[in-house]
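> coordinates only, sequence not included:
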C-alpha cells in the first residue's frame, strides 16, 4: 500500500462506505473471524432461561427484528418490541408482526408503556436507562442485556481524536440498577477479531455512524491508512471487540 495514490485509496475504500447506505437491521454481514475464544455466554440461552414463566416481554431496540425472531418460540404470547431508527422500524414490523410481536416505533430512553407492564425486558446493543427499565418492569421481573463495551474498536483511538466515547455505561447501568435494589450479575469479554480488509471495516464504521462523528473516507483518508498500517496482518484486518452481559432481578417487594 506504500505506493498507492490518494485517489486509488479513495477509489478502493469509497464503495464500502456507499454500500452502508443501504444497511438495515443489526447484523453487519461481514465475515469476522475470532482469533481467540468467542463470547463465553450465549445471549439467546440467557433470554430463554429468564423467559420461563413470563407473561409479557419487552425487546428494547430490536433493530430489524432478526434476533428476536430467532427465539420468539421461547417467549410468551405477549411480546412487544421497540425500535427508534426509522429505517429499521418498518423492517422489524414486517418481520415480527406475523410472529405475534407488537412493534412500536419509539426511543429506548422514554418507553411508551405503563408502569409494571412486563415480566422481562431484553436489550441487545441498544441504549438503556435503569430508571425507565425499572418503571416498566413488574416486581420480581428481570432484565437481560448484552452491550458493547467501552474498549470496543480501541485501535481507533490513536488515529481518530473525535471517536465518540460513550463513557462507562457498564458502571452507570450496574450502579443505577443496584441503587434501585436489583440483584445484578455482570460478565465481560474482550477479544481480537479479523475482518477481511480495511474496506470491510470502513463499511462497519459507516453503518455505526455514531462511532466517528461526520466520518468521511476522503477527509479521513490519512487516519484510515495509518489505521490500516497498524491493524493489517496476515490474518486480516485485526480489531478488538468488547462486550458485556448484564442480568438483573428486580426486588419482589
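Happy to help now that I have it. All figures in this text were calculated on a predicted structure; none of them were measured in a lab.

> same question for stretch 173-188, mean pLDDT?
The average of the pLDDT scores along stretch 173-188 is 98.

> need the distance between the two termini of it.
Start and end residues of stretch 173-188 are separated by 14 Å (Cα to Cα, to the nearest Å).

> quick one: low-confidence residue ranges for the protein.
Within the chain, the stretches with pLDDT under 70 are 1-2, 25-27.

> helices along that one, start to end?
All helices of the chain, identified by DSSP state H, fall at 6-19, 43-51, 66-70, 88-96, 130-136, 169-179, 198-207, 221-231.

> save those helices as CSV, and put in distance to residue 242 too.
C-beta coordinates here come from the backbone N, C-alpha and C atoms, glycine included. Output for those, formatted as CSV (distance: least, Cβ to Cβ, whole Å):
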stretch, distance to residue 242
helix 6-19, 23
helix 43-51, 15
helix 66-70, 19
helix 88-96, 24
helix 130-136, 21
helix 169-179, 10
helix 198-207, 15
helix 221-231, 16
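
> need the ones you listed in CSV with mean neighbour count, can you?
Compiled in CSV, those are given as follows (neighbours: other Cβ atoms under 10 Å):
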stretch, mean neighbour count
helix 6-19, 15
helix 43-51, 17
helix 66-70, 18
helix 88-96, 20
helix 130-136, 19
helix 169-179, 16
helix 198-207, 22
helix 221-231, 16
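
> among these, which comes closest to residue 123?
Of all the helices of the chain, the one in closest proximity to residue 123, counting by Cβ to Cβ, is helix 130-136 (8.0 Å).

> contacts for that closest one?
With Cβ atoms under 8 Å, 6 or more residues apart in numbering as the contact definition, helix 130-136 has outside contacts at 58, 60, 108-111, 113-118, 121, 143, 172-173, 176-177, 179-180, 182, 250.

> picking that back up, which one, of the helices of the chain, ends up nearest to residue 33?
Closest approach to residue 33 among the helices of the chain (Cβ to Cβ): helix 198-207, 11.6 Å.

> packing partners for that closest one?
On a contact count with 3 or more Cβ pairs under 8 Å, 6 or more residues apart in numbering; DSSP states H and E, helix 198-207 meets helix 6-19, helix 221-231, strand 236-249.

> how about those in JSON lines, adding distance to residue 128?
Putting the helices and strands packed on helix 198-207 into JSON lines (distance: least, Cβ to Cβ, whole Å) gives the following:
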{"stretch": "helix 6-19", "distance to residue 128": "29"}
{"stretch": "helix 221-231", "distance to residue 128": "30"}
{"stretch": "strand 236-249", "distance to residue 128": "9"}
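
> now the buried members of the contacts of helix 130-136.
Neighbour-count burial (16 or more other Cβ atoms under 10 Å) is assigned, among the contacts of helix 130-136, to 58, 60, 108, 111, 113, 117-118, 121, 143, 173, 176-177, 180, 182, 250.

> in strands only, show me those.
Among the buried ones among the contacts of helix 130-136, the members falling in strands (DSSP state E) are 58, 60, 118, 121, 143.

> in JSON lines, list those along with distance to residue 17.
Listed next are these as JSON lines, based on distance: Cβ to Cβ, whole Å:
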{"residue": "58", "distance to residue 17": "34"}
{"residue": "60", "distance to residue 17": "29"}
{"residue": "118", "distance to residue 17": "39"}
{"residue": "121", "distance to residue 17": "35"}
{"residue": "143", "distance to residue 17": "36"}
